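>>> only geometry, no sequence info:
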């Protein structure tokens, strides 16, 4: 098998990542892995396969809802690691770059001081995608309602929960701007 | 490699046109940063993922809406040699990072080279629009139009609170960088430049030299751009930049007037001396060339020299860069040899322009 990164050397390292049930495999050679080491956790003082593996292991754990990750879920807005791409906050602060769009929500309010320092602001004003904009808003609203629903069930406020459930159903069935709804 | 338009001419077609205030503002540029949702940013993307980005985005360029904007050609970075990459960087059509670090990197150029779309740079998508003179609003309108076409075909990474999500937190929000390249020789000569540039940085704008290292501005060329992308609308960002640039233009004009009334002879001497040296020198390093070109440009703007067109000077500015120079003479040149070829190229170009008048 040839390295996926450089397509030149034989791949000697094989990884399987399972994030939210989505399986991705990658096969790379050692020199490419060393290169990637720059952003793989704990490799600032040289690369080792162990570090690479533990880095991957870490974010597999936080992807599934078992073991130590139980706490990660509870303090999600303050999470120190993006569960989508595996970038930690300290890596982010070293690189000055995010790994994926979800880093923004995982690091959440923690970014406020930084953004405030760079831009003097923390909230976007300006252009919104015409097509995606409405859908994003809807998604946000649904997430919010679902959280509220959980809360009211926990507090045994079943009347309120029923109302929320109906509202969620409505939204899911007849989203505003249904024409662009693509399931 | 045949038919690579961008290699044939140092001067992009868009640069041949003139725009408002083009005696002081060389060009206006808008760069828009966008990412696709659901795929990691290029920094963390696997080969497979960056290839996916490549496929999604290049497909959009084949849509009929694009043909209505301009005629485009795609170029894969892996298929380019080093000289070609360097020429594109020197023409400001791609970033050094796309040239050297990208995986599955692509540049899509309009025929007049006023539009350059980069794929798999620091962000999945970067749209750049260049206009001659002070036309920053026009550049934004064009970029926004292209942005709309992409947006109608792909899902952008967007968050209501943070706006368009980018790999670097300095671009998040609107994702736009608006910049204006200004030639400010009189402000430099009258030593007002530092005071003005300091004021500029205090209103949220950044100043950089062109082609220079760090803050050193070679050839009195300065790039003024917005630093803030979050919490201001695109219009606010552009209006702010526009009004500051307008004020700098007024200061530069006043300084030029002052030089003409107070020290016309000295100014004429400086301009003509530079012109003479450029017409006859046998060795010319890039720094001196840029400085002399600045003198000649000023002389041409003030009608001290009246047979030279600014487009010829813009052309020389690009042609005398190392990449293009090596391309013209079709061989790799060590630095000292480069200076000899550069001098030759300048002599030939300037004597051609004389015969035109």
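Right, received. Where do you want to start? In this text the structure is predicted, and so the values were computed from the model without any measurement.
>>> now residue B:207: how far from chain A?
Distance, residue B:207 to chain A, by C-beta to the nearest C-beta, to the nearest Å: 17 Å. Every C-beta, even on glycine, is put in place using the N, C-alpha and C of the backbone.
>>> what about residue B:60, neighbour count?
Residue B:60 is flanked by 19 other residues according to other C-beta atoms under 10 Å in any protein chain shown.
>>> surely it is in contact with residue B:67?
No: counting by C-beta atoms under 8 Å, residue B:60 stays clear of residue B:67, with 11.9 Å between them.
>>> the host helix or strand of residue A:113 vs chain B: in contact?
Per DSSP states H and E: residue A:113 is located in helix A:112-119. Yes: against chain B, helix A:112-119 shows contacts by C-beta under 8 Å from any C-beta of the partner chain at A:114, A:115, A:118, A:119.
>>> where in chain A is pLDDT low?
For chain A, the stretches with pLDDT under 70 are A:12, A:14-23, A:30, A:33-79, A:132-137, A:140, A:174-183.
>>> so which bits of the helix or strand where residue A:169 lies are buried?
For residue A:169, the enclosing helix or strand under DSSP H and E is helix A:158-173. Across helix A:158-173, burial judged by 16 or more other C-beta atoms under 10 Å in any protein chain shown covers A:161, A:164, A:165, A:168.
>>> for the third one, give me its contacts.
Contact partners of residue A:165, counting by C-beta atoms under 8 Å, 6 or more residues apart in numbering or on different chains, are residue A:149.
>>> what is the end-to-end distance of stretch B:226-234?
10 Å (C-alpha to C-alpha, to the nearest Å).
>>> repeat for stretch B:168-178
Start-to-end span of stretch B:168-178 (C-alpha to C-alpha) is 16 Å.
>>> so how far is it from its chain's centroid?
Mean-position distance between stretch B:168-178 and its chain equals 18 Å (C-alpha atoms, centre = their mean, to the nearest Å).
>>> buried residues in the helix holding residue A:113?
Buried-residue list, helix A:112-119, by 16+ other C-beta under 10 Å: A:114, A:115, A:118, A:119.
>>> need the residues that contact that helix.
Counting by C-beta under 8 Å, 6+ apart, A:121, A:122, B:162, B:169, B:170, B:172, B:173, B:227, B:228, B:229, B:230, B:231 sit against helix A:112-119.
>>> after that helix, next one along is what?
Following helix A:112-119 in sequence, per DSSP H and E, is helix A:130-154.
>>> quick one, that following helix and helix A:158-173 angle?
160 degrees (axes from the mean of the first three to the mean of the last three C-alpha atoms, to 10 degrees).
>>> which helices and strands sit right next to helix A:130-154?
helix A:158-173, helix B:136-153, strand B:158-159 (3 or more C-beta pairs under 8 Å, 6 or more residues apart in numbering or on different chains; DSSP states H and E).
>>> which SSE is the nearest residue to residue B:282 once chain neighbours are set aside in?
Once flanking residues are discounted, residue B:282 sits nearest to residue B:343: 5.4 Å by C-beta to C-beta, 6 or more residues apart in numbering or on different chains. Secondary-structure assignment from DSSP H and E places residue B:343 in helix B:335-356.
>>> can you tell me the residue of chain B closest to chain A?
As assessed by C-beta to the nearest C-beta, chain A sits closest to residue B:231 within chain B, at 2.3 Å.
>>> and that residue, that one's in a strand?
No: judged by DSSP: H, G, I helix; E, B strand; the rest coil, residue B:231 forms no part of a strand; its state is coil.
>>> low-confidence ranges, the stretch 1-150 of chain B, go.
B:1-3.
>>> ok, which stretches of it are helices?
With helices called from DSSP state H, counting those that start in this stretch, the stretch 1-150 of chain B shows them at B:5-8, B:13-16, B:47-61, B:64-69, B:82-90, B:96-101, B:136-153.
>>> can you redo those as a markdown table with distance to chain A?
Formatted as a markdown table, those follow (distance: least, C-beta to the nearest C-beta, whole Å):
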| stretch | distance to chain A |
| --- | --- |
| helix B:5-8 | 27 |
| helix B:13-16 | 24 |
| helix B:47-61 | 5 |
| helix B:64-69 | 14 |
| helix B:82-90 | 18 |
| helix B:96-101 | 11 |
| helix B:136-153 | 5 |
